[in-house]
Structure formats: C-alpha cells, structure tokens
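Colleague: Any chance you can model this:
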Amino acid sequence: GFTKVLHEFGHALTCHRYGGRCHEMGVMFLAFMPCLYCNVTDAWTFPRRRQRVAVSAAGIIVDLLIAAACLIIWSITQPGFLHSASLLLAIFGSVNSVLLNGNPLMRYDGYYIMSDLLGIPNMRTESQRQARQGFWSLLFGAKTGKIREHFSPSLATYGLASGVYLWFVIMIILVGLHFMLKPLHLEVFALILGILIVPAQLRATGKQLQQEAKNEFQQRGRKKWRATATGILLTSLFLLGILIPIPRRIPAIGVIRPVSRQTIVATNPGHIIKASRPGEIINAGATVLQLQDTHLDQQLLRLQNRIETLKVKIKAVQIKRTQYDNSTETLLLLIQIRESLQNEREQIRQQKISLNITAKATGRLIPDPALYKNQFLSKRQDNLKYHLSGTSLLEEDYHGAFIPEGTRIGMIAKPGSYEVLLAVEEHWARNIAVGTDVLVFSKESPHDPLSGILKGISLTMHEARFADKELLPDQQLLHRYLSQQPGRSKKKHFYAVVSIAEEQPVSAVSYYQLCRVRLRTANSSLWNRFSDFLSRTLARL
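Modeller: This is a model prediction of the structure:
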C-alpha cells in the first residue's frame, strides 16, 4: 500500500512540475479491489507531448526505482523478513507494475502513454469504432456513393484486442471469485454476479451495435444477400465453437502407494533391539525387526529350571523305583509334568521367534507414518504436500523403545510398483468408468505426469470409515487431507484405484505423497460443460 501511495505521488508531483495541478487523490473500487487514484487531468492541457508522457509514466518510474532499491537490499541481506520483503517488493515494483500498469489494453498508465505517443485522444473509443467499421465492411460491404471511409487496420486491431481483453478480465474475476468461494460452498454468489454483469454488458454492446447497424446498412447499399450470408457464416462458426466436443479431464486428489507390499506388524509386545533403517532395501529372509520381551525370557528361564529339576527327580525315581511301592505312578506323573512344561516352553520359544520379523520378499522398507514423532499436512490447501518430520521409531535413537502388540511397523514394498488411491467428488461419478485414462502429477514429476488406468471404483465406501485408525496409511492420509478442506461436511466423494503403467521410469517416485490427478472422460462441448457447471452450482443451494 505504501508503494502505491508513492506511485500516485509520482503522477501528482510530475504534473505539478510542469505547471498542472492535482485536484484530488483517493481510493476507488476496481473489480471489487480497493485501488488508489490520482486526478491529473490537467496534463491534457500541456502543450508538449513529452510532458504528458512524463506524467503518465511517472508512476511506473517510481515503481521501478523502488524495485531497484529493494533488489539492492535483497542482494546484501541475509535470509529473513527484510530479505524476503525486499524480493517481493522488487518483483511487485518491476514485473507486476510493467505488466499491469504498463498494459495499454486497459485504461491504466500504459494506455495514456500510448495515447500521448500516438497523438490520439480517446484512443480506446476511436480504436473500437475502427474495429466496428471493419466488422460492418465485412458484413455489408464498402460504403457507396461519395461517402469516404477512413480505416486504420492497426487501430482496429488494437480496438478488437482491448475488447477481448476486457472480457478476459471479467471472466478471470468471476472464475477467481468462484474458486475463492467454492470451499465454503458459496460459489453461487459468483454465478449470481456473473448473471448480473455479463448480460448487462452484452445488452449494452448489442444495443449500440443495433443502432449502428441500421445506419451502416443504409450507407453500404442495403446488400441483404451479403448480410445474410455473412451472418449465417459467423453464426455457424460460433455454434461450432460451443457445440463441437473437445477433450476433457476432471480433477481428483490421490495418494501414491505401493502395489506389492508386506505389512510388518508386531504380533507380540517388546522392546526394539535391532531394526532395519527406513528406505533400506531388504532381501528376502532378512531380519526387518527384532524385539525383546523380558517377561518371555523370565518365563522361559523358570520353565527351563523346572524342567531340569524334573529331570533330576525322574532320574532319581528311576534309580530307586524298586525301593518304593508307588514308584511307577510317581514316575508317570513326573514325566507328564515334564512334557507339559516342555510344551509350554516350546510355545514361548515360538513367541520369541515371532519377535524376529523377516522379509518374505525383496523390497524397500517403508515405515508406517504413525510411527513418526511429528507429522502434519501442509497448512496451505493447494500445496498438497505431506511432510514427515522428526525421527522414526526404526531409527537408532529409538532402539529400546517399547512397541505394543498389534503395532503396524510399516511395510516392505516392491521397488517400482505404484498405484494411486483416489478421492473424486461425487458429482463426477457418471463421467468415469473402469479403464479410464489417468494422469498423475507427483512432486517428482509436476510437469511430466505419469500415465495410468483406472482399475477399480468403490461407490459404497462410507465417509466415516476414514476416521478408523485401523485403516492403512494411504487411507488415513487421504482422509486427513479431505477433512481439512472447508465445507467438507457438504462435499461427498467416491474412491477409486489407479494402476500406473510399469514401463514408465517411476523408480524415483516416493510413496505416500498427495498428488493431483486428472481423469480422462468423454469429449464434451463448451455448452455441455457450462450446463453441467450450472447444474452443479445450483444443486448446492
């Protein structure tokens, strides 16, 4: 805001420099955004062209000077608030100022600079009039009789470009407002605003063209056949543009996960004494995790001592069995007790063996995200990055940590095998089917998407299930992201699985990351897309 104040003072002081006056400065709303303005209309009275150009260009020059100063500050400062703020101001004062204020297609500084340089007052009005003259010549032909017609192709091109750019800005504002209000399910207000603005603008333009058309038709010889043929041609081109089906892809959010995986679960409680490191390639049969349960060790030791004691007793009874009447019954009882203790010892040994978890197949060890000390989703909803911070329980610092029974440690995934779990908004359900082509944009390939095929759809998966802690990490991660979206309670999704083609070089893609997905649907015309957009928006009222 402060730099824009300096921008407006640049116009005002330059106007004063050449003898003019700045009648007022203030704030106005332009496209629903507060903007500063400065009234320097006295510049039109300056006799010299360069003086008028200087007043119009003064604001941009001030912005560039501020940007240059900020760029110097940025180059000599260390990372921090001042460093970042200087870079932002340098970009704002240079690129932003030149592209917006210097754009001659809108009535900003660049427009008035161009108007003064060409010496054409009311350049926008004149250029649009020239553009309409070209349209009437195409529609009705050249003027007849002694009526002379001056036509400037360059000025007409500028008028056409400025008119198209105006509609482009209107559409950008409406679309931007739609996406801002969509998370809150208030996008209908953007639709209402469009209904108020677009028809009114079309009506004003149509009324002006209708009045001119009558006069031009008279002046150009009343060539009905030419007007009819040209009108049919233009109408046909317009209808073709909005009715011809064109390729379409619908958006979704997904989580990349391994296809072939062995889940590592602690079947018994224990303390970590040996563990493979996350990301390590584990060979088949190698130990992934070894736990120790002191309670089992103590039980085993007690049983071993009791068994040894029984062995001594059995041997003593066998030596003196002829000296006692009931020695045979005693011997059988001791042997039964020993066998029972041996069976119990064998069960405990099997439990100790289960504390040593091995890999069934070769793969990469991926720790379960729940084992990380800190984990969170990015606060920016459009960032789609899942961060794992802190250390895993499989790191050396956590050796000796206690793991309860049933804890999911992680999984061993086959390298290079990927699939994507998708969440797609419910209103797209009728547009996709199994076999649909899919593009997956991962953080490793944001501009070179992976291609895949939709191989499964679940329309019956209930939303509440994703709050279940027993679900796999990909389901928990997807639910956590969706639950952070505004208006989540009103937005329903269905879920699908995408297989990624194996022939692609995807070995560097990391598992359990959020990714953007685009699903190919049947070709659809602009009219169908607009109708679909209206029905979806109005259905949420």
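Colleague: CA atoms for contacts and neighbours, from now on please.
Modeller: Noted.
Colleague: lowest average confidence, helix or strand, in this protein?
Modeller: The weakest-scoring helix or strand in the chain, judged by mean pLDDT, DSSP states H and E, is strand 386-389 (a mean of 33).
Colleague: Three-state assignment for residue 291, please.
Modeller: Assigned by DSSP: H, G, I helix; E, B strand; the rest coil, the conformation of residue 291 is strand.
Colleague: Which residue is the nearest non-sequential neighbour of it?
Modeller: Leaving out its chain neighbours, the residue that sits closest to residue 291 by Cα to Cα, 6 or more residues apart in numbering is residue 272, at 4.7 Å.
Colleague: and for stretch 33-42, what are the contacting residues?
Modeller: Applying Cα atoms under 8 Å, 6 or more residues apart in numbering, the contact partners of stretch 33-42 are 4-5, 8-9, 11-12, 15, 20-29.
Colleague: In it, which residues are buried?
Modeller: Across stretch 33-42, burial judged by 16 or more other Cα atoms under 10 Å covers 36-40, 42.
Colleague: Go through those and flag which are in helices.
Modeller: Taking DSSP state H, every one of those sits outside helices.
Colleague: Next step: the residues you listed restricted to strands.
Modeller: Using DSSP state E, 36-39 are the members of those that sit in strands.
Colleague: doesn't residue 401 make contact with the residue nearest to residue 291?
Modeller: Yes. Taking Cα atoms under 8 Å as the definition, residue 272 is a contact partner of residue 401 at 5.6 Å.
Colleague: More neighbours: the two, which one.
Modeller: residue 272 (21 against 13; other Cα atoms under 10 Å).
Colleague: looking at this, the more buried one is in a strand?
Modeller: Yes. Checked against three-state DSSP, residue 272 lies within a strand.
Colleague: State the distance from it to residue 290.
Modeller: Residue 272 sits 6 Å away from residue 290, going by Cα to Cα, to the nearest Å.
Colleague: Now do the shared contacts for the two.
Modeller: By Cα under 8 Å, 6+ apart, no residue touches both residue 272 and residue 290.
Colleague: Can you give the contact residues for stretch 188-200?
Modeller: 174-175, 177-178, 181, 537-538, 541.
Colleague: Oops, could you answer that again for stretch 517-529 instead?
Modeller: Residues contacting stretch 517-529 (Cα under 8 Å, 6+ apart): 241-254, 431-432, 436-441.
Colleague: Show me how far that stretch is from its chain's centre.
Modeller: Mean-position distance between stretch 517-529 and its chain equals 19 Å (Cα atoms, centre = their mean, to the nearest Å).
Colleague: Residue 436 and residue 451 touch, don't they?
Modeller: No. If you go by Cα under 8 Å, residue 436 and residue 451 don't touch, sitting 10.7 Å apart.
Colleague: What segments of the stretch 201-350 of the chain are helices?
Modeller: Assigned by DSSP state H, counting those that start in this stretch, the helices in the stretch 201-350 of the chain fall at 224-243, 294-319, 327-354.
Colleague: secondary structure element for residue 499?
Modeller: strand 493-500 (DSSP states H and E).
Colleague: again with residue 536
Modeller: helix 526-539.
Colleague: Could you check the angle that helix makes with helix 224-243?
Modeller: 60 degrees (axes from the mean of the first three to the mean of the last three Cα atoms, to 10 degrees).
Colleague: If we go by neighbour counts, what in helix 526-539 is buried?
Modeller: Per 16+ other Cα under 10 Å, helix 526-539 contains these buried residues: residue 537.
Colleague: Pull out the buried positions in the helix or strand containing residue 192.
Modeller: Element membership of residue 192, judged by DSSP H and E, is helix 188-219. By 16+ other Cα under 10 Å, the buried positions in helix 188-219 come out as 188-191, 194, 213, 216-217, 219.
Colleague: With distance to residue 340 and pLDDT added, can I get these in a markdown table?
Modeller: Rendered in a markdown table, the data for these read as follows (distance: Cα to Cα, whole Å; pLDDT from 0 to 100):
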| residue | distance to residue 340 | pLDDT |
| --- | --- | --- |
| 188 | 76 | 80 |
| 189 | 78 | 84 |
| 190 | 79 | 84 |
| 191 | 79 | 83 |
| 194 | 84 | 86 |
| 213 | 108 | 82 |
| 216 | 112 | 78 |
| 217 | 112 | 78 |
| 219 | 117 | 77 |
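Colleague: now, which of the residues you listed sits nearest residue 87?
Modeller: The shortest gap between residue 87 and any of those belongs to residue 190, at 33.5 Å (Cα to Cα).
Colleague: how close does that closest one get to residue 182?
Modeller: For residue 190 relative to residue 182 (Cα to Cα), the value is 9 Å.
Colleague: same check, this time on residue 359
Modeller: Distance from residue 359 to residue 182, by Cα to Cα: 47 Å.
Colleague: Over to residue 77?
Modeller: 40 Å.
Colleague: go on, residue 485?
Modeller: In terms of Cα to Cα, residue 485 sits 10 Å off from residue 182.
Colleague: Share the number of residues neighbouring residue 264, please.
Modeller: 22.
Colleague: correction: residue 525
Modeller: 17.
Colleague: got it, and residue 350?
Modeller: Residue 350: 11 neighbours (other Cα under 10 Å).
Colleague: Tell me the confidence at it?
Modeller: pLDDT, residue 350: 85.
Colleague: for the one 4 residues further on, same thing?
Modeller: With respect to pLDDT, residue 354 scores 79.
Colleague: re earlier: higher neighbour count, residue 485 and residue 182?
Modeller: residue 182 (17 against 13).
Colleague: on that earlier part again, next step: the contacts of stretch 188-200 restricted to strands.
Modeller: Per DSSP E, the subset of these in strands is empty.
Colleague: Filter these down to just the buried residues.
Modeller: Buried members of these, scored by 16+ other Cα under 10 Å, are 174-175, 177-178, 181, 537.
Colleague: Take these and write them to JSON lines, including pLDDT and distance to residue 267.
Modeller: Formatted as JSON lines, the buried ones among the contacts of stretch 188-200 follow (pLDDT from 0 to 100; distance: Cα to Cα, whole Å):
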{"residue": "174", "pLDDT": "87", "distance to residue 267": "57"}
{"residue": "175", "pLDDT": "86", "distance to residue 267": "54"}
{"residue": "177", "pLDDT": "85", "distance to residue 267": "53"}
{"residue": "178", "pLDDT": "83", "distance to residue 267": "51"}
{"residue": "181", "pLDDT": "82", "distance to residue 267": "49"}
{"residue": "537", "pLDDT": "74", "distance to residue 267": "50"}
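Colleague: Narrow these to those in helices?
Modeller: 174-175, 177-178, 181, 537.
Colleague: Can you give me the distance of residue 363 to residue 277?
Modeller: 13 Å.
Colleague: taking the contacts of stretch 33-42 one by one, which sit in strands?
Modeller: Counting by DSSP E, the contacts of stretch 33-42 contribute 24-29 to strands.
Colleague: Just among those residues, which is most surrounded?
Modeller: residue 25 (15 neighbours).
Colleague: Which residue is the nearest non-sequential neighbour of that residue?
Modeller: residue 38 (4.5 Å).
Colleague: Just the pLDDT for the one you found.
Modeller: pLDDT, read off for residue 38, is 87.
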